[in-house]
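Visitor: My questions concern the predicted model and sequence given below.
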Amino acid sequence: MPVKPNIDFRLNKPFLTSIIEIKQENKNVKTFIVDYNPIDEPIEMKPGQFVMVWIPGIDEIPMSISHIGWENRMAITVAAVGDATEALHKLEVGDQIGIRGPYGNWYEPKDGTAIIVGGGIGMASVLPLIDQLVKEQKNPTQFELDQVICIEGAKTESDLLFMNEIADIYADETAMEFCTDDGSCGFKGFTTEKLDMLLQQEIEAQKARNETSPITVYSCGPEIMLKKVFEICEKYNVEVQASLERMMRCGFGMCGLCALEPTGLLVCFDGPIFTNEVLRKTTDFGKFHRDFSGKPFKI
C-alpha cells in the first residue's frame with residue numbers, strides 16, 4: 001500500500017508565484033512551470049502527488065504535479081475543461097497563481113515488471129513515475145525492475161501527451177505503447193485492451209520459463225478507465241496502484257467531499273493513490289462522484 005502523506009502544515013497557505021514558462025502540449029492542454037519555494041527548506045515532491053492551485057478571483061482546484069526534481073521549481077499540466085482551468089489557460093508568463101502543497105500519497109515502486117497506464121490528462125500524474133522507474137531500471141539503487149512498460153491512450157494522435165518526453169526517457173520504443181480510439185497512432189483501441197493483452201502475454205511467458213516475477217500496474221486517467229484497469233488486474237491477480245480524482249476543496253482532509261463510499265477514506269489525505277484492497281471495498285468507484293454541495297452524481 002502506498003505510504004501515508006507527509007504533510008508540512010507550513011505548506012497549507014497559498015504561495016503566490018509567477019508563471020515562468022508555458023508550453024502548449026496540444027490544442028486543449030498546457031503545461032505551466034512556476035517557481036515554488038514557500039519555505040527555507042527544500043520541498044520533496046513524489047510522483048503521484050498533487051498541489052492545490054489558486055487562480056486569483058476564480059477558484060482553487062487540485063492539479064497533479066507533472067514535472068518534479070527541479071530545485072525550487074515545479075510544473076502542472078492542465079486541460080481546459082471548466083471555468084477555473086479555462087481561466088488558467090488565459091494567463092500568460094509573468095501572471096501569478098497560488099500554489100499550496102504537495103498533498104497526498106504517491107506511487108510506491110515495486111520489484112519486477114512495471115506497467116504504467118495513462119489516459120488523457122492522467123499522463124500528468126504518471127510522467128514523473130515513468131522517469132523515476134526507467135532511471136531505476138537502468139541504475140538500480142532500491143528496486144530490481146525487469147521491465148518498465150508505458151501504455152498511453154487518447155482519442156486521436158493529436159491528443160497524446162508527452163510523446164517526445166517519454167521517448168527521451170526511454171530511448172527504447174519497444175517499451176512504449178500508444179493507443180488511439182481512431183487508430184491514428186499505435187494500437188487502435190483502448191488502453192485497457194492493450195493492458196489485458198500485455199498481462200496475458202507476460203504471465204504466459206513467465207509460465208513458459210517456469211518462473212514467477214511480480215507485476216505492478218500504475219494508472220491514472222478517467223475513472224471509467226481506472227475501473228476497467230482494476231477489473232483486469234483482479235482477473236490476473238496483479239497489484240494496481242490507481243490515482244483517483246474527486247471533488248476537493250481543502251486538500252488535507254477537512255471538507256470530506258472526496259470521501260470514498262463506504263470506506264470513509266479521503267482521496268486527498270488517504271490517496272489519491274489506492275490499491276486493490278481499498279478499491280474492492282469502494283462502492284462508488286467507477287460509478288459516482290460528488291459535486292460541491294456533496295450531492296452524488298453519476299459519472
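Guide: Sure, I can see it.
Visitor: In the chain, which helix is the longest?
Guide: helix 191-208 (DSSP state H).
Visitor: From the contact counts, what lies against the very next helix or strand once past it?
Guide: Later in the chain than helix 191-208, the nearest helix or strand by DSSP states H and E is strand 215-220. In this structure, strand 215-220 packs against strand 112-119, helix 123-138, helix 191-208, helix 223-235, strand 239-243, with contacts taken as 3 or more Cβ pairs under 8 Å, 6 or more residues apart in numbering; DSSP states H and E. For glycine as for every other residue, the C-beta is placed from the backbone atoms N, C-alpha and C.
Visitor: Pull out the buried positions in strand 215-220.
Guide: I215, T216, V217, Y218, S219, C220 (16 or more other Cβ atoms under 10 Å).
Visitor: what is the mean pLDDT for that strand?
Guide: The average pLDDT for strand 215-220 rounds to 98.
Visitor: now it against helix 123-138, angle please.
Guide: Taking axes from the mean of the first three to the mean of the last three Cα atoms, to 10 degrees, one finds strand 215-220 and helix 123-138 inclined to each other by 150 degrees.
Visitor: quick one: strand 215-220 to chain centroid distance?
Guide: 11 Å (Cα atoms, centre = their mean, to the nearest Å).
Visitor: quick one: strands adjacent to it?
Guide: According to DSSP bridges, strand 215-220 has the following sheet partners: strand 112-119 (parallel), strand 239-243 (parallel).
Visitor: tell me the angle of the shortest one relative to helix 191-208?
Guide: It refers to strand 239-243. If you take the same axes, to 10 degrees, strand 239-243 sits at 160 degrees to helix 191-208.
Visitor: Please identify which of the helices and strands packed on strand 215-220 is closest to G101.
Guide: G101 sits nearest to helix 123-138 of all these, at 13.8 Å, using Cβ to Cβ.
Visitor: same for whichever helix or strand comes after that closest one, what does it pack against?
Guide: Sequence-wise, the next helix or strand downstream of helix 123-138 (DSSP H and E) is strand 145-154. Applying 3+ Cβ pairs under 8 Å, 6+ apart, we find strand 145-154 packed against strand 112-119, helix 123-138, helix 163-170, strand 176-180, helix 191-208.
Visitor: by how many degrees do the last one and strand 145-154 diverge?
Guide: With the same axes, to 10 degrees as the criterion, the two stretches helix 191-208 and strand 145-154 enclose an angle of 160 degrees.
Visitor: Please apply the same query to the first one.
Guide: Put simply, strand 112-119 runs at 10 degrees to strand 145-154, going by the same axes, to 10 degrees.
Visitor: can you put the helices and strands packed on strand 215-220 in JSON lines and add mean neighbour count?
Guide: Converted to JSON lines, the helices and strands packed on strand 215-220 look like this (neighbours: other Cβ atoms under 10 Å):
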{"stretch": "strand 112-119", "mean neighbour count": "25"}
{"stretch": "helix 123-138", "mean neighbour count": "23"}
{"stretch": "helix 191-208", "mean neighbour count": "17"}
{"stretch": "helix 223-235", "mean neighbour count": "20"}
{"stretch": "strand 239-243", "mean neighbour count": "25"}
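Visitor: looking at those, which is closest to H289?
Guide: Comparing the helices and strands packed on strand 215-220 by Cβ to Cβ, helix 223-235 comes nearest, at 7.8 Å.
Visitor: And that closest one, how far out from the chain middle?
Guide: 15 Å.
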